[in-house]
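# With the sequence up front, the predicted model follows.
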Amino acid sequence: MKRSLSLVILLLTGCPMGEYLGAGAWRPIYINGSNICFTVKKDDELRRYSLAENGRNYKKLIGEEGVSLFYPNTCFTLRLEKGVIYAATYTIENTHYAYSFIIDNEGNTVDLRR
């Protein structure tokens, strides 16, 4: 039973060691209501990005490979649902990053690594 519970928690929150398994270093994205930005510095080059619902039913919301985007073109407008687990992966320059979060009932972003 204890092992099953641990597996369920791991599946819901993602692997805390993800950065060591190739998912990338943990780095939050900027979220303000329906405005989501993968970078906020004008000199950061976004080369790959993906944002998906990562709960019971995986659903890719946005994503693209092999791009060369700079702020503010690294921002997107999406309506995020409350109570849904989201996972973002992205590459700035040659560094890979990952971030998972949930929007709580009050509309706050909750970092799932903490």
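In hand now; what should we look at?
# Quick one: neighbours of residue 50, just the number.
Residues lying near residue 50 (other CB atoms under 10 Å) number 17. Quick note: C-beta positions are derived from backbone N, CA and C, even for glycine.
# for the closest residue to it other than its chain neighbours, phi and psi?
In space, residue 50 comes closest to residue 63 once its chain neighbours are excluded; the distance is 3.5 Å by CB to CB, 6 or more residues apart in numbering. Main-chain dihedrals, residue 63, degrees, to the nearest 10: phi 170, psi 150.
# Could you pull up the contacting residues of residue 61?
Neighbour list for residue 61: 51-53, 78, 86 [criterion: CB atoms under 8 Å, 6 or more residues apart in numbering].
# any idea how far the residue nearest to residue 50 is from residue 108?
For residue 63, the distance to residue 108 equals 25 Å [CB to CB, to the nearest Å].
# any idea of the mean pLDDT for stretch 107-114?
Across stretch 107-114, the average pLDDT comes to 89.
# Extract the CA atoms of it and return them as CSV.
In CSV, the C-alpha atoms belonging to stretch 107-114 read as follows (Å, rounded to 0.1, in the frame of the first residue of the first chain):
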residue,chain,number,x,y,z
GLY,A,107,-6.1,31.4,-8.9
ASN,A,108,-2.6,31.2,-7.3
THR,A,109,0.2,29.3,-9.0
VAL,A,110,1.5,26.5,-6.7
ASP,A,111,5.0,25.3,-7.6
LEU,A,112,4.9,21.4,-7.3
ARG,A,113,8.6,21.1,-6.5
ARG,A,114,8.2,22.7,-3.0
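# can you list contacts of that stretch?
Here stretch 107-114 makes contact (CB under 8 Å, 6+ apart) with 13-14, 16, 26, 28, 31, 33, 82, 85, 99-104.
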